[in-house]
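Provided below are the primary sequence and the corresponding predicted coordinates.
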Amino acid sequence: MNMVGFVNNYTMKPTFRILFSFRNSSFLGFPPAKCHHTLANNSSSFRLNSNHNSLCPLRASGFRRVIDHTQKACGLPSSCFGQSRVISRTFSLGTTNRGVSVIANVAPNVHNFSTSVDTHVNENTLEKIYVQGGVNVKPLVVERIDNDDTIGGDENSRIEDVNIENSENLNATEVVSPTKEETDMEKEGWKLLRDAVVTYCGSPVGTMAANDPGDMQPLNYDQIFIRDFVPSALAFLLKGEGQIVKNFLLHNLQLQSWEKTVDCYSPGQGLMPASFKVRTVPLDGNKYDEVLDPDFGESAIGRVAPVDSGLWWIILLRTYGKITGDYSLQERVDVLTGLKMILNLCLSDGFDMFPSLLVTDGSCMVDRRMGIHGHPLEIQALFYSALRCSREMLSSNEGSINLVRAINNRLSALSFHIREYYWVDMKKINEIYRYKTEEYSLDATNKFNIYPEQIPLWLMDWVPEEGGYLIGNLQPAHMDFRFFTLGNLWSIISSLATPKQNEAILNMIEAKWDDLVGHMPLKICYPALEYEEWHIITGSDPKNTPWSYHNGGSWPTLLWQFTLACIKMGRIELARKAYDLAEKRLQVDSWPEYYDTRTGKFIGKQSRLFQTWTIAGFLASKMLLENPERASLLFWEEDYELLEICVCALSKTGRKKCSRGAAKSQILV
């Protein structure tokens with residue numbers, strides 16, 4: 001049997017020993033690689049092909065996954081993850097030899113690992129993962145040898161198979177929306193969405209960001225972005241086509257925490273890539289192979305790691321289970337391991353005093369310099385949503401008690417922080433206007449030393465009497481009063497804001513419809529940075545000029561999230577109004593990425609056409625409006641149990657011990 005051994009730099013007792021056969025073997029249930037093609041069959045793009053239903057093992061040349069043995073990681077024994085190198089080897093094509101690539105980081109399908117944030121190595125467990133050789137090799141076998149006397153069995157051992165299902169085609173999910181006759185616009189949208197599907201070894205793994213046939217310089221728009229794929233995934237799931245979403249989740253999981261560096265420095269363990277690309281690698285004999293090349297920000301403009309990718313991945317994982325009813329995916333050990341790695345990265349202690357995540361500029365949908373460094377609302381809302389998703393998916397696991405406790409504590413603190421300090425309406429603005437500064441005490445009213453002169457002139461007359469919103473950012477001596485749509489919408493969807501605040505946000509959008517919607521939903525932020533402010537804050541960014549792109553541009557992809565928020569709050573007529581605006585223009589304008597000007601009248605000056613998440617967002621909105629009851633699977637109601645978790649809260653009368661009931665009476669009014 002031909003085998004390759006993976007030898008780690010063992011600084012503590014090894015938990016895994018991994019051996020792989022290169023003959024007809026399968027990895028994690030993936031069938032053997034079938035990615036050797038002649039150049040005659042090569043294509044510049046990859047499309048969905050229902051005749052190819054194999055889910056390929058991950059291959060990525062030149063990268064390796066590194067896990068720090070000394071770091072307490074993801075609620076699993078640290079030694080479960082050794083330093084390992086991805087190997088892509090090709091043999092001569094024949095009946096028995098095939099190219100196989102493997103990642104030497106696999107967790108077995110067991111559920112009794114400790115899942116606390118602070119964990120210890122289980123010295124009593126030794127696990128070996130290997131593939132038994134021969135021509136007809138079975139799928140990957142995990143042999144677990146437990147020294148725990150409480151485990152039954154004659155030899156205190158058991159064999160488990162870890163398999164990834166390989167569905168027959170993309171239409172594997174049985175949950176299908178009621179069929180209605182599609183309009184010409186919907187038919188075109190679905191055709192364009194399917195044309196944007198990227199395949200890897202014959203299986204669909206995602207959709208490229210844009211598929212404009214007239215674009216000679218696609219830059220990275222031909223890659224699969226995690227955040228961009230979310231509306232595509234929702235559209236496919238609502239259509240009853242779940243396999244592409246499952247493939248996407250699993251392949252991103254395998255790409256997690258690869259060693260990508262900028263100036264010899266690597267980001268934290270658990271990071272999900274911003275995007276990945278299927279690349280072709282030439283082989284001998286006029287053949288080529290396919291590899292996945294992830295981007296963790298080391299190639300991005302500004303070299304910023306994506307904070308939101310892991311959060312979107314968690315949200316999509318929960319969405320997949322809710323819509324398809326297939327919860328087996330989120331119960332898999334490898335999936336739970338990846339989930340805990342993301343949580344460990346987000347919940348790790350640092351220097352920050354706030355429960356909100358501290359991130360740099362450009363680390364989310366606004367991925368260029370726009371003055372959102374610090375604690376931007378978008379990240380906090382997605383963080384809160386991801387924590388609520390994680391708690392649902394971990395709650396049934398007995399070993400997750402400590403991790404769930406940490407999640408609950410963070411949820412409680414984060415919700416109080418955002419609801420209390422990010423909220424502005426006329427009453428709160430007037431309070432800030434009368435702030436005293438330089439207050440040094442626990443009972444300070446102006447806790448973050450905000451100077452009243454920071455209140456912009458436009459804000460005084462802009463906020464309606466019956467509305468309000470969550471500001472874009474909060475730091476010491478700084479409040480960013482701009483309205484950021486995505487953060488406010490996800491605050492509604494996840495119930496990060498209170499029920500009354502949710503209603504007030506939609507009231508404000510309706511009252512300021514011309515400013516926030518205009519000719520095309522929806523503004524990514526309002527107002528735009530102009531004049532000297534634009535020069536200083538954006539660095540004179542020629543793409544983020546006033547009322548363009550991230551700087552006050554209108555993004556049709558926000559339509560599906562607006563639809564979801566409106567359905568939750570019983571304001572479906574508001575969602576239909578926005579949908580009707582998009583329906584009039586998107587097809588005529590060739591589905592652009594964004595629109596420019598104060599009212600979104602013009603197609604963006606650098607906007608890509610046939611933008612996939614524009615198309616998918618429109619289709620998902622249409623299906624949600626036709627079946628609003630299905631939207632209830634995707635949002636969260638107020639969790640009153642969280643209101644009882646808080647140990648203390650800061651009030652105007654000073655610090656005091658309290659239950660969350662006191663906070664409830666203070667906030668939920």
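On my side now, so go ahead. Numbering: from 1, shown residues only.

Buried residues of the helix or strand that contains Asn473, list them for me.
Here Asn473 is covered by strand 468-475, with elements defined by DSSP states H and E. By 16 or more other CB atoms under 10 Å, the buried positions in strand 468-475 come out as Gly468, Tyr469, Leu470, Ile471, Gly472, Asn473, Leu474. Every C-beta, even on glycine, is put in place using the N, C-alpha and C of the backbone.

Tell me where the stretch 151-300 of the chain is predicted with low confidence.
151-179, 258-261 (pLDDT under 70).

All the helices of it, residue numbers only.
Applying DSSP state H, counting those that start in this stretch to the stretch 151-300 of the chain gives helices spanning 184-195, 226-239, 243-255.

Mean neighbour count, the ones you listed: which tops it?
Highest mean neighbour count among the helices of the stretch 151-300 of the chain (mean count of other CB atoms under 10 Å): helix 226-239, with a mean of 26.

Can you show me the CA trace of that one as CSV?
C-alpha atoms of helix 226-239 as CSV (Å, rounded to 0.1, in the frame of the first residue of the first chain):
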residue,chain,number,x,y,z
ILE,A,226,-18.4,34.1,1.0
ARG,A,227,-20.5,37.3,1.6
ASP,A,228,-21.5,37.5,-2.1
PHE,A,229,-22.6,33.9,-2.2
VAL,A,230,-25.1,34.2,0.7
PRO,A,231,-28.0,35.7,-1.4
SER,A,232,-27.2,33.1,-4.1
ALA,A,233,-27.3,30.4,-1.5
LEU,A,234,-30.7,31.7,-0.2
ALA,A,235,-32.1,31.7,-3.7
PHE,A,236,-31.0,28.2,-4.4
LEU,A,237,-32.3,27.0,-1.0
LEU,A,238,-35.7,28.6,-1.5
LYS,A,239,-35.8,27.0,-4.9
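
could you check the angle helix 243-255 makes with it?
150 degrees (axes from the mean of the first three to the mean of the last three CA atoms, to 10 degrees).

who does helix 226-239 touch, helix- and strand-wise?
strand 203-207, helix 243-255, helix 308-324, helix 612-626 (3 or more CB pairs under 8 Å, 6 or more residues apart in numbering; DSSP states H and E).

I'd say Leu329 and Leu316 touch.
No - judged on CB atoms under 8 Å, Leu329 makes no contact with Leu316 at a distance of 10.8 Å.

quick one, strands of the stretch 351-500 of the chain?
Secondary structure of the stretch 351-500 of the chain by DSSP state E, counting those that start in this stretch: the strands cover 423-425, 468-475, 478-484.

Compare those and give me the one nearest Pro213.
strand 478-484 (33.2 Å; CB to CB).

Check which strands are paired with that closest one and give the direction for each one.
strand 468-475 (antiparallel), strand 525-526 (antiparallel) (DSSP bridges).

Below-threshold pLDDT in the chain: ranges please.
In the chain, residues with pLDDT under 70: 1-179, 258-261, 396-398, 646-669.

Where is the longest helix in it?
helix 401-421 (DSSP state H).

Now do it: which elements does it pack against?
Against helix 401-421 (3+ CB pairs under 8 Å, 6+ apart) you get helix 333-347, helix 377-394, helix 660-667.

Surely Thr319 and Phe236 touch.
No - if you go by CB under 8 Å, Thr319 and Phe236 don't touch, sitting 10.9 Å apart.

what would the strands of the stretch 351-500 of the chain look like in JSON lines with distance to Gly604?
JSON lines is the format used below for these (distance: least, CB to CB, whole Å):
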{"stretch": "strand 423-425", "distance to Gly604": "29"}
{"stretch": "strand 468-475", "distance to Gly604": "21"}
{"stretch": "strand 478-484", "distance to Gly604": "18"}
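
The ones you listed: which one's closest to Phe354?
Of the strands of the stretch 351-500 of the chain, nearest to Phe354 by CB to CB is strand 468-475, at 8.1 Å.

how about the helices of the stretch 551-669 of the chain, start to end?
Counting by DSSP H, counting those that start in this stretch, the helices of the stretch 551-669 of the chain are 559-568, 572-585, 612-626, 660-667.

Mean neighbour count added to those helices, as JSON lines?
As requested, the helices of the stretch 551-669 of the chain are exported to JSON lines (neighbours: other CB atoms under 10 Å):
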{"stretch": "helix 559-568", "mean neighbour count": "26"}
{"stretch": "helix 572-585", "mean neighbour count": "18"}
{"stretch": "helix 612-626", "mean neighbour count": "26"}
{"stretch": "helix 660-667", "mean neighbour count": "17"}
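
and of the ones you listed, who's closest to Phe248?
helix 612-626 (12.9 Å).

and the closest one, what does it pack onto?
helix 184-195, helix 226-239, helix 559-568, helix 572-585.

now the ones you listed as JSON lines including distance to Pro456?
Listed next are the helices and strands packed on helix 612-626 as JSON lines, based on distance: least, CB to CB, whole Å:
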{"stretch": "helix 184-195", "distance to Pro456": "39"}
{"stretch": "helix 226-239", "distance to Pro456": "29"}
{"stretch": "helix 559-568", "distance to Pro456": "25"}
{"stretch": "helix 572-585", "distance to Pro456": "26"}
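
Out of these, which is closest to Tyr265?
helix 226-239 (22.2 Å).

Compute the inter-axis angle for that closest one and helix 308-324.
Going by the same axes, to 10 degrees, helix 226-239 makes 0 degrees with helix 308-324.

got the angle between helix 226-239 and helix 612-626?
Going by the same axes, to 10 degrees, helix 226-239 makes 40 degrees with helix 612-626.

and Gln587, how many residues sit next to it?
18 (other CB atoms under 10 Å).

Equivalent analysis for Val588, please.
9.

Please report the distance of it from Met185.
9 Å (CB to CB, to the nearest Å).

repeat for Val424
Counting by CB to CB - Val424 and Met185 are separated by 38 Å.

And for Ser632?
27 Å.

now do Gln606
25 Å.

How about Ile407?
42 Å.

Contacts only, for the closest residue to Tyr451 other than its chain neighbours.
The shortest distance from Tyr451 to any non-neighbouring residue, by CB to CB, 6 or more residues apart in numbering, is to Thr437 (5.9 Å). Thr437 is in contact with Asn446, Asn449, Ile450, Tyr451, counting by CB atoms under 8 Å, 6 or more residues apart in numbering.
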